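Participant: Any chance you could fold what I've pasted below:
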Amino acid sequence: MKDKAQSNIDLATRLLNDEDDYSANASIHCSYYAVVQYMKHTLASDPLRPISLSDQDANARRAGSHNYLITETATRLSQDATCQLAFQRRVRNLKQLRVVADYKSTVLGQRQGKRCLEEAKSLIKQFEDYLEAL
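Facilitator: As a prediction, this is how the structure comes out:
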């Protein structure tokens, strides 16, 4: 999953380098799914309480596709409820932009694409810092 996440970050970067609003719109999809894939990696790699990819998939089906990953990852990153909510809000905002980019007629463009990529990188750095601290 970690390699897939990095591949999506690389692809989002290349799409943004095209300097075309439609490519930038597609980059938002890649940025969001890089975060999803890295959340899955983080949960599976947690040495204290790992959750296998197959168990994550089973739990996600019961709790709602990405909601399970977002909530479970938030509880791993911080014990503080305010920090958990802030993390969840960041990921859900990125998800909301991904929905607009994928399913709405609105083209979000370069500025939003770059913001989403930076947010994805920031979230992934948070996951990496968490795993390194364990």
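Participant: helices and strands of this structure: which one has the lowest mean pLDDT?
Facilitator: Scoring the helices and strands of the chain by mean pLDDT, DSSP states H and E places helix 53-63 at the bottom, with a mean of 89.
Participant: Show me what counts as buried in the helix or strand that comes right after it.
Facilitator: Using DSSP states H and E, the next helix or strand after helix 53-63 towards the C-terminus is helix 65-77. Neighbour-count burial for helix 65-77, counted by 16 or more other Cβ atoms under 10 Å, picks out 66, 68-70, 72-74, 76-77. Yep, even glycine has a C-beta here, placed from its N, CA and C like the rest.
Participant: got it, and stretch 75-85?
Facilitator: For stretch 75-85, by 16+ other Cβ under 10 Å, it's 76-77, 84.
Participant: so which strand or helix has the spatially most central residue of the chain?
Facilitator: Among the residues of the chain, Val35 comes closest to the average C-alpha position under Cα atoms, centre = their mean, at 1.9 Å. Per DSSP H and E, Val35 falls inside helix 21-45.
Participant: How about Leu43: what's its closest non-neighbour residue?
Facilitator: In space, and not counting its chain neighbours, Leu43 is closest to Ile51: 4.6 Å by Cβ to Cβ, 6 or more residues apart in numbering.
Participant: Checking that neighbour next. Helix, strand or coil?
Facilitator: Under DSSP: H, G, I helix; E, B strand; the rest coil, Ile51 falls in the coil class.
Participant: Got phi/psi on it?
Facilitator: phi -120, psi 120 (degrees, to the nearest 10).
Participant: So what's the residue count around it?
Facilitator: Close neighbours of Ile51, defined as other Cβ atoms under 10 Å, add up to 19.
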